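>>> what shape does this take:
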Amino acid sequence: MDNDERVIGIKDVAKAANVALATVDRVIHNRAGVSLKTKEKVLKVIKQMGYKPNIMASNLSKSKKIVIGVLLPNISEGSGYWEFPMQGILKAKKELAQYNIKIKTYTFKQDNSKEIRKKILELINSDIQGLVLTSKFADEIEILLDDCKQKNRPYVFIDSNVRKIDSLCSIHQPLFESGELAAQLFNYCFDRGEILILHLKKTMDTEGIIGLKEKGMNAYLNEKNNAITTKSLVLTDFNEDAISDILFKTLEDNPLIKGVFIPNSKVAYIAKYFEKRAGDKIYLIGYDFFREDVEYMEKEIIDFLICQRPEEQGYQAVFKLFEHLVLKKEVEKEIIMPLDIITKKNYKYY
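Numbers count the residues shown, from 1 in each chain. Next up is the predicted model:
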């Protein structure tokens with residue numbers, strides 16, 4: 001379909017006017033709660049884009065409840081990352097409230113296979129019409145995906161889809177390229193030495209996610225700078241004393257290490273050690289941005305964070321199911337998130 005023939009939706013209007021979806025809906029239905037200036041701006045965009053209300057979606061919103069299931073790890077001290085996709089999911093739920101979209105959340109402990117299987121059985125026996133989940137735990141969710149296919153329940157992956165499992169849509173970061181980006185950042189900091197790749201892992205995470213990042217890092221260095229090499233170390237005990245002992249010995253035995261790469265969101269565990277460590281500067285790069293990272297960025301202990309917009313992933317996942325289930329639109333099979341670089345100079349605006 002040519003761009004000129006594409007059906008303009010309420011989401012397109014909201015994006016063009018730089019306002020929330022709910023604001024556009026209020027303007028269309030002449031409801032209160034919108035300033036005159038904003039209303040005029042939205043009406044102008046509607047006229048320019050030639051938007052026409054979707055009668056089918058309007059009728060569905062009045063008569064049918066859409067239930068979307070969400071299967072994600074618990075929000076906890078060890079997996080705080082999942083708080084952000086949930087924020088995006090709840091934001092989308094709020095904006096789509098007028099369409100009678102309901103969210104049912106099923107959370108589990110990442111290191112508990114029995115619990116995830118229990119949640120999967122609950123989902124199988126539920127009344128959901130669509131599903132948001134991560135493919136990190138592909139071995140456990142295989143029976144759930146088979147059930148979804150049999151019942152024609154579409155599902156959307158967020159965070160990663162390393163195994164390339166078929167889905168309505170997959171929303172994730174480019175893993176290999178993020179490893180290349182981390183290597184490029186280290187290369188800006190020093191031109192020879194070693195990078196220690198620290199795998200902080202005690203959950204059911206698939207090796208492929210971290211492995212692709214490591215491959216990306218090594219590919220970049222092999223092409224651009226053979227004077228920088230890497231070595232890997234797996235940590236399964238996140239106790240502060242255990243981390244301190246292992247890092248002290250590793251850095252003592254490998255004096256050429258000038259950078260440490262944490263290929264997941266647990267960089268604060270390592271930053272805590274470096275805060276107390278004496279000696280030459282060692283550059284530290286990790287993933288995602290949490291409140292506990294602020295102090296370490298201010299002190300320039302964490303030098304860079306690579307962020308994959310997890311909140312937007314959750315938000316987009318719900319909207320893709322909405323577009324498919326309610327608007328009957330064809331949605332993208334894959335959405336690749338931009339890789340944002342966060343530093344001491346810009347984290348306040350992120």
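>>> which ones are touching L200?
By C-beta atoms under 8 Å, 6 or more residues apart in numbering, L200 lies in contact with L235, F238, I262, N264, K266, Y269, I270. To be clear about C-beta, it is placed using only N, CA and C from the backbone, and glycine gets the same treatment.
>>> from D293, how far out is the closest residue to the second one other than its chain neighbours?
By the measure of C-beta to C-beta, 6 or more residues apart in numbering, the closest residue to F238 outside its immediate chain neighbours is Y269, 5.7 Å from it. As for Y269, its distance to D293 is 11 Å (criterion: C-beta to C-beta, to the nearest Å).
>>> and for L131?
With C-beta to C-beta as the criterion, L131 and D293 are 31 Å apart.
>>> those two: which is more packed in?
L131 (28 against 20; other C-beta atoms under 10 Å).
>>> the bottom helix or strand of the chain by mean pLDDT?
Within the chain, no helix or strand scores below helix 55-63, which has a mean of 54 by mean pLDDT, DSSP states H and E.
>>> per-residue confidence for the closest residue to L235 other than its chain neighbours?
Spatial nearest neighbour of L235, excluding adjacent residues (C-beta to C-beta, 6+ apart): L200 at 5.1 Å. L200 carries a pLDDT value of 83.
>>> same check on C169?
96.
>>> and for the one 4 residues further on?
For Q173, the model assigns a pLDDT of 90.
>>> can you give me the distance of the closest residue to it other than its chain neighbours to G130?
In space, and not counting its chain neighbours, Q173 is closest to Q308: 3.8 Å by C-beta to C-beta, 6+ apart. According to C-beta to C-beta, Q308 and G130 sit 23 Å apart.
>>> what's the answer for K102, then?
11 Å.
>>> what do these two both touch?
In contact with both K102 and G130: I66, V67, I68, using C-beta under 8 Å, 6+ apart.
>>> in TSV, list the residues you listed along with secondary structure and distance to K151.
Below are the shared contacts of K102 and G130 laid out as TSV (DSSP: H, G, I helix; E, B strand; the rest coil; distance: C-beta to C-beta, whole Å):
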residue	secondary structure	distance to K151
I66	strand	15
V67	strand	13
I68	strand	14
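>>> can I get the buried ones among the residues you listed as something I can paste into PyMOL?
The buried residues among those can be selected in PyMOL (16 or more other C-beta atoms under 10 Å) with this line:
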select buried, resi 66+67+68
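>>> now the shared contacts of K102 and G130 as TSV including distance to I209?
Formatted as TSV, the shared contacts of K102 and G130 follow (distance: C-beta to C-beta, whole Å):
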residue	distance to I209
I66	31
V67	29
I68	25
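>>> in a markdown table: the shared contacts of K102 and G130, plus pLDDT.
Shown next, in a markdown table, are the shared contacts of K102 and G130 (pLDDT from 0 to 100):
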| residue | pLDDT |
| --- | --- |
| I66 | 91 |
| V67 | 95 |
| I68 | 97 |
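>>> so what's the residue nearest to the spatial centre of the chain closest to, chain neighbours aside?
Central residue of the chain (C-alpha atoms, centre = their mean): P310, 2.8 Å from the mean position. Once flanking residues are discounted, P310 sits nearest to F84: 3.8 Å by C-beta to C-beta, 6+ apart.
>>> what's the neighbour count on that neighbour?
22.
>>> and for K348?
8.
>>> over to E122?
For E122, using other C-beta under 10 Å, the count is 13.
>>> give me the mean pLDDT for the longest helix along the chain.
For the chain, the helix that runs over the most residues, judged by DSSP state H, is helix 207-224. Average pLDDT, helix 207-224: 89.
>>> mind checking how far the closest residue to I302 other than its chain neighbours is from I143?
Spatial nearest neighbour of I302, excluding adjacent residues (C-beta to C-beta, 6+ apart): Y296 at 4.3 Å. Distance of Y296 to I143, given as C-beta to C-beta: 41 Å.
>>> before we move on, what about L198?
The gap separating L198 from I143 is 34 Å, by C-beta to C-beta.
>>> next: S167.
Taken as C-beta to C-beta, the span from S167 to I143 is 16 Å.
>>> just A271 next, same as before
From A271 to I143 the distance is 39 Å (C-beta to C-beta).
>>> comparing those two, which shows the higher neighbour count?
A271 (21 against 13).
>>> what about that one, which helix or strand?
Using DSSP states H and E, A271 maps to helix 267-276.
>>> got a pLDDT number for the residue nearest to the centre of the chain?
93.
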